[in-house]
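S.K.: 3D, please:
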Amino acid sequence: MWGSVIHAFGWCYEHWGTLSQLIVGLFAFTLSILPHSVAELEKKLRWKIGLPILVGTIAITGYVVSESSDAELKSQLSTMFNQVRLEATKDDIGILVTHINDGFKSVVDAIATLCKPSHKPPKSSQITAQPALPAPPHVSITQARALSTDPQFKFALQVTVQSDQQMPASFVFECSGEVGKVDAFIVGRGVGMDVVLGTQSPTVALVHFGYPPLTPQAPLVVTILSKDDIRLNAVKPY
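M.R.: Numbering: from 1, shown residues only. Alright, predicted model coming up:
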């Protein structure tokens, strides 16, 4: 019951920017087709004062929620862009090392090769497969080092949780070392309700979203900050 209430309230809050525009638009439409009825209501003091306050509150809160959602989505985009840029840099360095090992005469030749439209793929012997992490059913996990945004914690680990069906975004993340700080968002969703971000124990991070749920179109991205270089050992439902 409580979960349904949170889901309904979360949906309304997430879409309040659009809903507020619809409500104000319907009020304007009603005013245009029923001017005499509205004029009669305005003769009553509570309607004369209360109605403008109600409409103004709806419009202002809709604007605030819309701006907040836009800011959150921009923050998500920045986080994903930084990670893609970091991964691209690592790939380029890997290709550079591969070309040098293959017998290029100088580093200059290797760098020039990176500018060509096609790259020589790395040797299959140099590709090491990572073992799959223990994870709940219908869930796949990827982890990668990221850039830390907190000077107190030197290292950052970004974990992406993807699902092939809708399910609660509620997991614990068992790490190889002590967890310092936890941040998370669901991609493309600007609002979260009943959100818990923290630690269950020194080496276990906790992420819980009452709303929105985890879906195939909206994965969960978790950033774990730490003072030491840690890795993810397992993911379990919370």
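S.K.: looking at the protein, which helix or strand is least sure?
M.R.: Scoring the helices and strands of the chain by mean pLDDT, DSSP states H and E places helix 107-114 at the bottom, with a mean of 52.
S.K.: which residues sit in contact with the residue most central in space within the chain?
M.R.: Nearest to the mean C-alpha position of the chain, by C-alpha atoms, centre = their mean, lies F185 at 3.0 Å. Shown in contact with F185 (C-beta atoms under 8 Å, 6 or more residues apart in numbering): E72, S75, Q76, T79, G192, L220, V221. Placement of C-beta: from N, CA and C, glycine included.
S.K.: Can you list which of those residues are found in strands?
M.R.: Cross-referencing the contacts of F185 against strands under DSSP state E gives L220, V221.
S.K.: Now that we have the contacts of F185, which of them are buried?
M.R.: Burial by neighbour count, 16 or more other C-beta atoms under 10 Å: within the contacts of F185 this picks out Q76, T79, G192, L220, V221.
S.K.: Any regions of the protein where pLDDT drops low?
M.R.: Filtered on pLDDT under 70, the chain yields the residue ranges 1-3, 73, 76-77, 80-132.
S.K.: Let's see that with 90 instead.
M.R.: For the chain, applying pLDDT under 90 flags the ranges 1-137, 146-149, 187-194, 211, 217-218, 238.
S.K.: in the longest strand anywhere in it, what counts as buried?
M.R.: In the chain, taking DSSP E as the definition, the longest strand is strand 204-214. Across strand 204-214, burial judged by 16+ other C-beta under 10 Å covers V204, A205, L206, V207, H208, F209, G210, Y211, P212, P213, L214.
S.K.: Turn those residues into a markdown table, including distance to E178.
M.R.: Supplementary listing: those in a markdown table, determined by distance: C-beta to C-beta, whole Å:
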| residue | distance to E178 |
| --- | --- |
| V204 | 10 |
| A205 | 10 |
| L206 | 14 |
| V207 | 17 |
| H208 | 20 |
| F209 | 24 |
| G210 | 27 |
| Y211 | 30 |
| P212 | 30 |
| P213 | 30 |
| L214 | 26 |
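S.K.: I23 reaches T57, doesn't it?
M.R.: No: when contacts are counted by C-beta atoms under 8 Å, I23 is not listed as touching T57 (10.6 Å).
S.K.: More neighbours: which of the two?
M.R.: Comparing I23 with T57 by other C-beta atoms under 10 Å, the one with more neighbours is I23, at 16 against 11.
S.K.: which element is that one on?
M.R.: Using DSSP states H and E, I23 sits in helix 16-33.
S.K.: From the chain's centroid, how far away is that helix?
M.R.: Relative to its chain's centre, helix 16-33 lies at 31 Å (C-alpha atoms, centre = their mean, to the nearest Å).
S.K.: ditto for stretch 136-151
M.R.: On the basis of C-alpha atoms, centre = their mean, stretch 136-151 sits 11 Å off its chain's mean C-alpha point.
S.K.: which outside residues touch it?
M.R.: Against stretch 136-151 from outside (C-beta under 8 Å, 6+ apart): 82-83, 86-87, 133, 135, 154-165, 167, 171, 180-181, 223, 225, 231-232, 235-237.
S.K.: Could you chop this protein up by domain?
M.R.: Domain assignment for the chain by automatic domain parsing gives 2-75, 86-124, 131-237.
S.K.: how about the strands of the protein, start to end?
M.R.: Under the criterion DSSP E, strands of the chain are mapped to 139-146, 155-163, 167-175, 181-186, 193-201, 204-214, 220-226, 232-237.
S.K.: Show me the one of those that comes nearest L41.
M.R.: Nearest to L41, of all the strands of the chain, is strand 193-201, at 34.9 Å by C-beta to C-beta.
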